[in-house]
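Asker: give me a model of this one.
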Amino acid sequence: MNSVTLPRLPEAVQPEHVSLDMHLECPAEPDENAYAIPLWADVIVQVWPDHDADKLSSEEPIKVNVGMVHATLFKVGQAEEINGRDGLYVLEEESEESAEYMQLFNAEGVRADVYEMCELSTFAPDVLLVNMIQIEPEFRCRDLGLHAMRALVSVFANGSTLIACTPFPPNQHQKSESVGHGSVLEPLYDRTKDPRTDAEIAAGQRKLRAHWSRFGLRRFRRTDIYIMGGAQVGRVTARAKLVRKKVVEAPDP
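Answerer: Got it, this is the predicted structure:
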């Protein structure tokens with residue numbers, strides 16, 4: 001994937017040293033009725049040769065590509081303001097995957113319990129749907145996924161954005177296909193080809209959900225969807241500290 005070997009990547013990576021190299025596709029004739037913006041990016045970590053960025057060094061940092069991000073930004077507020085389209089319409093029209101998140105909305109807008117849970121300021125929030133954050137196996141266990149999420153929301157979310165994802169542990173045996181971004185690959189999951197047992201997958205899900213809870217994401221009712229509001233990003237809470245030891249589920253509203 002890159003020429004830098006694992007020992008050159010420090011065990012503790014600072015959030016400010018993680019950035020995203022975006023792959024943006026701008027159509028020749030933008031569709032004013034297109035409210036879904038696909039976001040693809042490589043996850044880049046800056047590594048200093050002496051592993052100490054606080055010390056002055058004459059050497060430039062090395063940029064290491066450690067993974068990838070795929071997300072979609074749904075401009076629900078714009079759709080409602082310009083064409084009177086609600087969140088249900090915007091999510092349903094895009095794909096079968098995004099349609100699963102329609103349960104966060106009703107005919108009046110975002111559901112009241114979602115509004116309160118995420119401390120939103122509008123019932124027509126933009127939705128940042130994080131489809132995938134994938135860190136290469138040799139670079140994991142450094143919180144790089146959390147840092148990549150932080151970099152993503154810092155650019156594409158604000159205090160009125162609803163952030164949503166469905167944590168699912170990666171299958172090392174899954175195949176991939178190119179989606180037009182060269183080295184950027186999108187995993188394709190096929191349960192029939194997954195050698196893990198249901199118990200192993202469930203254990204992986206619990207671990208992964210606890211991991212993303214550290215960022216502030218919370219489970220919506222008894223679904224597999226985890227959500228938070230843009231205004232909640234970066235808060236340090238007692239709950240966020242506890243999830244290192246156990247899975248903490250948000251109570252049903």
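Asker: list the buried ones in whichever strand or helix holds H211?
Answerer: H211 belongs to helix 198-213 when elements are defined using DSSP states H and E. Taking 16 or more other C-beta atoms under 10 Å as the basis for neighbour counts, the residues of helix 198-213 that come out buried are G204, Q205, L208, R209, A210, H211, W212, S213. Where C-beta positions appear, they are placed from N, C-alpha and C, glycine not excepted.
Asker: what separation do you get for the fifth one and E97?
Answerer: So that's A210. Using C-beta to C-beta, to the nearest Å, one gets 24 Å for the distance from A210 to E97.
Asker: what sits against V90?
Answerer: If you count contacts by C-beta atoms under 8 Å, 6 or more residues apart in numbering, V90 has them with Y35, A36, F74, K75, V76, A79, V127.
Asker: all helices of the stretch 51-200 of the chain, in order?
Answerer: Counting by DSSP state H, counting those that start in this stretch, residue ranges of the helices within the stretch 51-200 of the chain are 76-83, 87-94, 96-99, 112-117, 144-156, 198-213.
Asker: which of those sits closest to I227?
Answerer: Closest approach to I227 among the helices of the stretch 51-200 of the chain (C-beta to C-beta): helix 112-117, 6.6 Å.
Asker: mind listing residues that contact the closest one?
Answerer: So helix 112-117 is contacted by L104, F105, L120, F123, L162, R218, F220, R221, I227, G229, A250, P253 (C-beta under 8 Å, 6+ apart).
Asker: isn't D126 right up against A164?
Answerer: No. Under the criterion of C-beta atoms under 8 Å, D126 is not in contact with A164, lying 11.1 Å apart.
Asker: per-residue confidence at the closest residue to N158 other than its chain neighbours?
Answerer: Sequence neighbours aside, G230 is the residue nearest to N158 in space, at 5.2 Å (criterion: C-beta to C-beta, 6 or more residues apart in numbering). The score at G230 is 94. That number is its pLDDT.
Asker: equivalent analysis for E108, please.
Answerer: Note on E108: pLDDT of 87.
Asker: residues near the closest residue to A12 other than its chain neighbours, how many?
Answerer: Setting aside the residues directly before and after it, A12 is nearest to R142 in space (C-beta to C-beta, 6+ apart), at 7.3 Å. Using other C-beta atoms under 10 Å, R142 has 17 other residues around it.
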